[in-house]
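>>> I would like the atomic coordinates for the input below:
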Amino acid sequence: MSTPVTAAAPAAPVTAVPALPLTPLFVRLKLSLLKNGLKGSSKRKAAWFGTLALALVVGFFVTLGLALLHGRAHAGTVVVILAAILALAWSFMPLFFPTGDETLDPSRLVMLPLRPRPLVRALLASSLVGIGPLFTLCLAVGSVVAVARGAAGAVFAVVAVPLLLLVYVSLARAVATANVRLLSSRKGRDLALLSGLLIAIGAQVANFASQRLFQPGGLAHLEPAEAVVRWLPPATAVGMVDSASKGDYAAAGAQLLLTLAALAGLLWFWERSLTKLMVTPDGSTLAAAAPRKDRDSGPGVWALLPGGRTGAAMQRTLRYVLRDPKTKSAWVTALAVGLIVPVFNALQGTGSLYLACFGAGMLGIQMYNQFGQDTSAFWMVAQTLSSPHDVFVEMRARAGALALVTVPYTVLVTAVTAALVGNWADFPTALGLALALLGAMLCTGALASARFPYSIPTDGAFKNVAPGQAGLAWLSIFGGMLASAVICAPVITVTVYFATTPEQHSLAWTVLPLGIAWATLASWAGLRLAAPLAARRIPEILTAVSKG
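The predicted structure follows:
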């Protein structure tokens, strides 16, 4: 008996789910991120609202100051250069502070079915929410008010403000997206740590430029640069307002087209980078499949170091400088600032050859807290320290590694400063004093490392002292610097004597061998005194440096 065939039930109609518009969704997401980030942390909430208040206050006064430039002769020069400086800031800030905005990393969205073009629009809209865009909006309004005159200038000013903001945000997003792999890597973290170096260099450049600009007719020096910059986007957005106010409508129209073309180009580049990011596998998925090539790098320059424990400890110290992000940041910043201060003062006409001692002092600070630089890994070194002699050899090697860089660097900085100030006669004296200061800081640095060690956290980019140990750090560094000045007092006294006694000035060169001898004696004495102290306090040192 055949089984009756039952007709299949009709399939239920599929109801299409309407796609949600991405732009308002991402704006709400950005607001939620800001709101949730302020929950549960009173310090973070206070920091955010404090930053907001500071941005509003500074933005208000800067906008007011720019508006007061209305009708001034050099108003266009100031606002055009300001627009270019803001463009540089928006370009590079995401590279050095990638963790300041959680939405800067679009790779978090790779698993979602999103198309690049709607995603670009949504991310662009969400990027307009924040303290940075608000502050930039204030500056943009002040800039166009400073140069807008007449009906044509007002019309172009209304167009220029949103264009400026969109170009800035698009520029930041395009740069961040193109470098998102770098920002999430070790090199990116190293780059963020080096932001202090750029801030130091920028401060010196700003100080040097401000002294030139505030001289009579100082703004006139910027006019040649402004004539070029006003045709480079996004400064063209401000330049077109100035051109329209002067009745040059052809130039204003050309600058408007350049601004629109720059915005379109940035959006296209951003979309292209976003597409590549979404479909290209990252290094973590390729590393396991890629064959490793055995490369025999050989000893290289390390073969020039002494043998035994001394050479091994020197190599470890120098490798920390090359590989550890915080150690690298401290060294590079010290090297740069130690050269910038005497050189910039010499270029400003207020320099002195003895400012070269600043470079030796900046690197001498790196001797402080030697064991803290090892963090919790110091236990491996501690296991090999069984006697004061072992500690002496270990600390002597660390001081030798520092001197291996600092002594040639001090000679270079002193020579460059002497060339800039035109005072080669006092070169031996200044070099001898700088080397004596370095030796004194090696002495006090060894003692401070044994007596006042503290932990350097590894998690925060700008957190260099573990909680509760800030007093130790201040006492170690500033107390050591004052003690170094006291130790170096005899050499300072001899230097002052030769400088203030013209009939004895011909013997001033003797400060160089005196400084070398004094540096050698001071550093040797400091290491000899610190070695037994550190040997007795190894458990306390290990506890202190492991808190981070």
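>>> What's the mean pLDDT across stretch 497-509?
The pLDDT scores in stretch 497-509 average 82.
>>> Same check on stretch 21-28?
82.
>>> For it, what is the distance to the chain centroid?
Here stretch 21-28 is found 33 Å from its chain centre; the criterion is Cα atoms, centre = their mean, to the nearest Å.
>>> Give me the residues contacting that stretch.
Contacting residues not belonging to stretch 21-28 are listed as 103, 114, 118-119, 121-123, 125-126, 129 [Cβ atoms under 8 Å, 6 or more residues apart in numbering]. Bear in mind the C-beta positions are built from the backbone N, C-alpha and C, glycine included.
>>> Could you list the buried residues of that stretch?
Residues 22-23, 26-27 are the ones in stretch 21-28 that count as buried (16 or more other Cβ atoms under 10 Å).
>>> ok, now stretch 338-358?
In stretch 338-358, counting by 16+ other Cβ under 10 Å, buried: 338-346, 351, 353-358.
>>> returning to that earlier point: which one of the contacts of stretch 21-28 sits closest to Leu507?
Thr103 (66.9 Å; Cβ to Cβ).
>>> tell me the domain boundaries of the chain?
43-279, 304-545 (automatic domain parsing).
>>> Now distance to Asn36 too, for those domains, in TSV please.
Converted to TSV, the domains of the chain look like this (distance: least, Cβ to Cβ, whole Å):
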stretch	distance to Asn36
domain 43-279	10
domain 304-545	21
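>>> Just the ones of the buried residues of stretch 21-28 in helices?
22-23, 26-27 (DSSP state H).
>>> TSV for the contacts of stretch 21-28, including neighbour count, secondary structure and distance to Thr327?
Below are the contacts of stretch 21-28 laid out as TSV (neighbours: other Cβ atoms under 10 Å; DSSP: H, G, I helix; E, B strand; the rest coil; distance: Cβ to Cβ, whole Å):
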residue	neighbour count	secondary structure	distance to Thr327
Thr103	18	helix	31
Leu114	15	coil	41
Pro118	14	helix	45
Leu119	21	helix	39
Arg121	16	helix	43
Ala122	21	helix	41
Leu123	23	helix	36
Ala125	17	helix	41
Ser126	24	helix	37
Val129	18	coil	37
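>>> Among those residues, which pair sits farthest apart?
It's Leu114 and Val129 that sit farthest apart of those, by Cβ to Cβ, at 19.1 Å.
>>> ok, back up a step: which one of the buried residues of stretch 21-28 is nearest to Leu512?
Leu512 lies nearest to Phe26 out of these, by Cβ to Cβ, at 65.3 Å.
>>> closest one to Ser32 among the domains of the chain?
The nearest among those, by Cβ to Cβ, is domain 43-279 at 10.6 Å.
>>> where's that closest one relative to the chain centroid, distance-wise?
With Cα atoms, centre = their mean, you get 19 Å for domain 43-279.
>>> residue ranges with poor pLDDT in this structure?
Within the chain, the ranges that satisfy pLDDT under 70 run 1-20, 37, 40-41, 43-44, 94-108, 110, 180-221, 280-300, 458-472, 548.
>>> Which single helix of it contains the most residues?
helix 388-421.
>>> The stretch 401-548 of the chain: strands as residue ranges?
Secondary structure of the stretch 401-548 of the chain (DSSP state E, counting those that start in this stretch): no strands present.
>>> Reformat the contacts of stretch 21-28 as CSV; add distance to Thr310.
Compiled in CSV, these are given as follows (distance: Cβ to Cβ, whole Å):
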residue, distance to Thr310
Thr103, 51
Leu114, 58
Pro118, 63
Leu119, 57
Arg121, 62
Ala122, 59
Leu123, 55
Ala125, 61
Ser126, 56
Val129, 57
